[in-house]
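Chemist: Kindly return the folded structure for what I paste below:
(one chain, ligands or ions: 1)
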Amino acid sequence: EVVADPDRTYVIGTDTTFAPFEFVGDDGEYVGIDMDLLAAIAADQGFNYEIRPLGFNAALQAVEAGQIDGMIAGMGITEEREESFDFSNPYYEAGVQFAVLEDSDVESLEDLEGQNVAVKTGTTGMAAAESVADEYGFTISTFEDSVNMYEDLQAGNSVAVIEDYPVMAYAAQTGGIPLRFIGEQMEVTDYGFAVSEGQNPELVALFNQGLSNIQASGEYDTIISNYLGEEE
Ligand code: GLN
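Modeler: Next up is the predicted model:
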């Protein structure tokens, strides 16, 4: 069992807006599943941390460059990322899917021919879009934040977006963005907390110990259902 160093404060990167995993709550503080899980795990294990909402790709780069200690951002554990990151045990699972505005003419991936799709830099959604762009004949615009992606969709510059299914489902339910899913879910991954490969191994161990404790106590389920209802 690894014990936290009380004199150390870990700096943890996250996405700017990736509701329900991280977003600014009513009181101006970052809330969401990732934020609440990390808070519960840190309280359980007695480690100190600060959150830096850098954006997904910027957080990836800051962790890799050793500028911050770790990140939690609905980050998929992929083989490619495992070359440069060490991950915690999985704490959630999600796939990505394309979506269009409800009143769009686009009914299927075939209808994306000659159209533009908005993606977020460095994500599994971007990788999934790139993997089928030639097949379906669409172009891709990249954005640093989900908010800009949805703005591009609503402005009509892009006819579709692609990102994690639970994030778009939440946006459609609560964020007032009328989205309709097309195609199938792709790139299903487990989400993990990440550090740079070989760095801060004790932080990963603390995260895993805390995760297993809050799963056993029911706190994990309470956090998930606070954001998603009883569906989990
Ligand atoms: N789960 C996706 C990924 O790992 C998206 C994460 C995000 O946009 N914050 O790339």
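Chemist: Quick check, residue 207 in contact with residue 37.
Modeler: No: judged on C-beta atoms under 8 Å, residue 207 makes no contact with residue 37 at a distance of 9.2 Å. Quick note: C-beta positions are derived from backbone N, CA and C, even for glycine.
Chemist: Counting neighbours, go ahead and name the busier of those two.
Modeler: residue 207 (29 against 24; other C-beta atoms under 10 Å).
Chemist: Now do the same contact list for the more buried one.
Modeler: 41, 45, 88, 193 (C-beta atoms under 8 Å, 6 or more residues apart in numbering).
Chemist: Contact partners for residue 102?
Modeler: 178, 179, 180.
Chemist: go with 6 Å
Modeler: Neighbouring residues of residue 102 by C-beta atoms under 6 Å, 6 or more residues apart in numbering: 178, 180.
Chemist: Would you check how far apart the closest residue to residue 52 other than its chain neighbours and the ligand are?
Modeler: Nearest residue to residue 52 in three dimensions, chain neighbours excluded: residue 13, at 5.0 Å (C-beta to C-beta, 6 or more residues apart in numbering). Counting by C-beta to the nearest ligand atom, to the nearest Å, the separation of residue 13 from the ligand is 11 Å.
Chemist: Check residue 142 too.
Modeler: In terms of C-beta to the nearest ligand atom, residue 142 sits 12 Å off from the ligand.
Chemist: thinking again about what came up before, would you agree the residue nearest to residue 52 is in contact with residue 69?
Modeler: No: using C-beta atoms under 6 Å as the test, residue 13 is too far from residue 69 to be in contact (8.6 Å).
Chemist: The two: who's more crowded?
Modeler: Shown here are residue 13 and residue 69; by other C-beta under 10 Å, residue 13 has more neighbours (25 against 21).
Chemist: What is the longest strand along the chain packed up against?
Modeler: Identified as the longest strand of the chain according to DSSP state E is strand 179-191. Other helices and strands packing on strand 179-191, by 3 or more C-beta pairs under 6 Å, 6 or more residues apart in numbering; DSSP states H and E, are strand 92-101, helix 124-136, helix 165-174.
Chemist: With just CA atoms, put the helix ranked longest in the chain into PDB.
Modeler: The helix spanning the most residues in the chain, taking DSSP state H as the definition, is helix 201-217. Extracted C-alpha coordinates of helix 201-217, given in PDB (Å, rounded to 0.1, in the frame of the first residue of the first chain):
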ATOM      1  CA  PRO A 201       4.100   5.800 -10.200                       C
ATOM      2  CA  GLU A 202       3.000   6.500  -6.600                       C
ATOM      3  CA  LEU A 203       0.200   8.800  -7.900                       C
ATOM      4  CA  VAL A 204      -1.200   6.000 -10.100                       C
ATOM      5  CA  ALA A 205      -1.000   3.600  -7.200                       C
ATOM      6  CA  LEU A 206      -2.800   6.100  -4.900                       C
ATOM      7  CA  PHE A 207      -5.500   6.600  -7.600                       C
ATOM      8  CA  ASN A 208      -6.000   2.900  -8.000                       C
ATOM      9  CA  GLN A 209      -6.200   2.300  -4.200                       C
ATOM     10  CA  GLY A 210      -8.700   5.200  -3.900                       C
ATOM     11  CA  LEU A 211     -10.800   4.100  -6.900                       C
ATOM     12  CA  SER A 212     -11.100   0.600  -5.500                       C
ATOM     13  CA  ASN A 213     -12.100   2.000  -2.100                       C
ATOM     14  CA  ILE A 214     -14.800   4.300  -3.500                       C
ATOM     15  CA  GLN A 215     -16.100   1.500  -5.700                       C
ATOM     16  CA  ALA A 216     -16.400  -0.700  -2.700                       C
ATOM     17  CA  SER A 217     -18.100   2.000  -0.500                       C
END
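Chemist: Right, I'll call it a day here.
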